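Trainee: would you be able to build a 3D model of this:
(2 chains)
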Amino acid sequence: MRLATWNVNSVRARLPRLLDWLTTTKPDVVCLQETKCSADTFPAAEVAELGYATAAHGAGQWNGVALLSRVGLDEVTRGFPEEPGFPDPEARAIAATCDGVRVWSVYVPNGRTPDSPHYTYKLAWLAGLREALAADMATGRPLAVCGDFNVAPTDADVWDPALFIGSTHVTPPERQALADIRALGLNDVVPRPMKGDNPFTYWDYRAGMFHQDKGMRIDLVYATGELAGQVRSAYIDREARKGKGPSDHAPIVVDF
DNA sequence: ATGCCTTATTTCATAAGA
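Mentor: Numbering: from 1, shown residues only, chains lettered A, B, ... in the order given. Just a heads-up that it's a prediction; the model follows:
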């Protein structure tokens, strides 16, 4: 199975690039984040022409997640029980069973600043996600939770750790929340960069950050043990971050 | 301290992103 995850920063704005990328990369299952559209405006017909079934979860201009699959898309769940909201739950999680693998696409709240209520919400949401994953893993199926976690797991995952001290994405509570999720029995599948040493997945649009490789690794693939043991390769598709009209995130592609 | 860039929107200005 070829599994990918990509924060597309609007699936409609990115549609031509997404279709090209699907055609050349040929993933079996794709986790999308920041689709920024409702389920009924998701371009499902366009991806269906390439052989993909769609399950989307969205509610307008912000957030939004989706799953595309050409190997089955069953037992779809949107959100999770007792999902924290701001104040109401947002479209940040969707899961499905694809060829026997339980796949989650998640878009973790940004948090803004550590003194913001959005930060408290972020930590609560990650704790809630942990409980939902624990419940889903009780079935014993292989599982992968993929997406934009908005947390850089280590200092090596940001281009300048000194610059990030005191900022969201690197604080100990956020990193602990990720560690608590891994402690369920999930393994960080670290993809290799196509160029350079840094496994970054996000670069700000501004100030030529991508070209200077001033980025962050905040998009993650966490897989249960047996599945992680079957990883043949994992890479960050930096080509998709180049050129005209890219997302600010690059896709991660994992072959099992 | 802020913009740098890009998105969507009851748009020609704002909120949000990370």
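
Trainee: pull the residues that contact stretch A:72-86.
Mentor: Residues outside stretch A:72-86 that contact it (C-beta atoms under 8 Å, 6 or more residues apart in numbering): A:53-55, A:57, A:67, A:89, A:91-99, A:109, A:117-118, A:121, A:124-125, A:128-129, A:131-132, A:135. Using the backbone N, CA and C atoms, a C-beta is placed for each residue, glycine as well.

Trainee: if we look at DNA strand B, which of those residues are close to it?
Mentor: A:P109, A:H118 (C-beta under 7 Å from any atom of the strand).

Trainee: could I have the CA atoms of the longest helix anywhere in chain A written out in CSV?
Mentor: In terms of residue count, the longest helix belonging to chain A (DSSP state H) is helix A:117-137. Extracted in CSV, the C-alpha atoms of helix A:117-137 (Å, rounded to 0.1, in the frame of the first residue of the first chain):
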residue,chain,number,x,y,z
PRO,A,117,-7.3,29.8,24.7
HIS,A,118,-6.5,28.2,21.4
TYR,A,119,-3.5,26.6,23.0
THR,A,120,-5.6,25.1,25.8
TYR,A,121,-8.0,23.8,23.1
LYS,A,122,-5.1,22.3,21.2
LEU,A,123,-3.9,20.3,24.2
ALA,A,124,-7.4,19.2,25.0
TRP,A,125,-8.0,18.1,21.4
LEU,A,126,-4.7,16.1,21.4
ALA,A,127,-5.8,14.4,24.7
GLY,A,128,-9.2,13.6,23.2
LEU,A,129,-7.6,12.2,20.0
ARG,A,130,-5.4,9.9,22.2
GLU,A,131,-8.5,8.5,23.8
ALA,A,132,-10.2,8.0,20.4
LEU,A,133,-7.2,6.2,19.0
ALA,A,134,-6.9,4.0,22.1
ALA,A,135,-10.5,2.9,21.6
ASP,A,136,-10.0,2.4,17.8
MET,A,137,-6.8,0.4,18.4
